[in-house]
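Here is my input, please return the structure:
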Amino acid sequence: MIRAYVALGSNLGNPVQTVEDAIEAMAALHGSLLKAMSSLYRTAPVGLKHQPDFINAVVALDTRLSPRDLLDELFALEAHFGRERSVKNAPRTLDLDLLLHGETVHDDPELTLPHPRMHERAFVLAPLAEIAPDLVIPGHGPVAGLLAACAGQRIHALTRS
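The predicted structure is shown next:
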């Protein structure tokens, strides 16, 4: 089994429920075990600014799936939750990003690992630091140091009711 990290985000419909339901669906992925899930975070949109805030989280999975097979499973989950791909950074019902797959470093048009912008985004780093505080992102460094460099990005942990 290989430890993989997946970021979740949603800002359409009921994003809190969508992210919670998507985490449950990820727990049922074949060949994978859900090992940890972060709190939910409310974050400002990146790129296309005039849209609702996002609800974000990160999960850790132990998986037997290859990076490409896991990505295919994640795309299938996005489609199940009504994801439509229009313009870059558009509002979405569910966005699942494969952040890391063990120590894999991979770069092709369909899949880049580590995720190419994860080290610049508080909405990834804060939940990742919560569940894997000692994690080092290959080619970029420790999560804690990277998160400190994103201090100006708006992010707020949600409390569970």
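
okay, CA-based contacts and neighbour counts for the rest of this
OK.

in a strand, that's where D72 is, yeah?
No - using DSSP: H, G, I helix; E, B strand; the rest coil, the assignment for D72 is helix, not a strand.

Spit out the contact partners of the residue minimising distance to the centre of the chain.
Taking CA atoms, centre = their mean, the centroid of the chain lies closest to A7, which sits 0.7 Å from it. Counting by CA atoms under 8 Å, 6 or more residues apart in numbering, A7 makes contact with 56-59, 95-99, 124.

L65 falls within a helix, correct?
No - L65 is assigned coil when assessed by three-state DSSP, not a helix.

That one reaches A4, doesn't it?
No - at 9.7 Å, L65 does not count as touching A4 under the criterion of CA atoms under 8 Å.

Have a look at the two and say which one is more surrounded.
Using other CA atoms under 10 Å as the criterion, L65 and A4 rank with A4 on top: 24 against 19.

Just give me the neighbour total for the closest residue to the more buried one other than its chain neighbours.
Take A4 and drop its neighbours on the chain: the residue closest to it by CA to CA, 6 or more residues apart in numbering is H101, 4.2 Å away. By the criterion of other CA under 10 Å, H101 has 25 neighbours.

Alright, that wraps it up for me.
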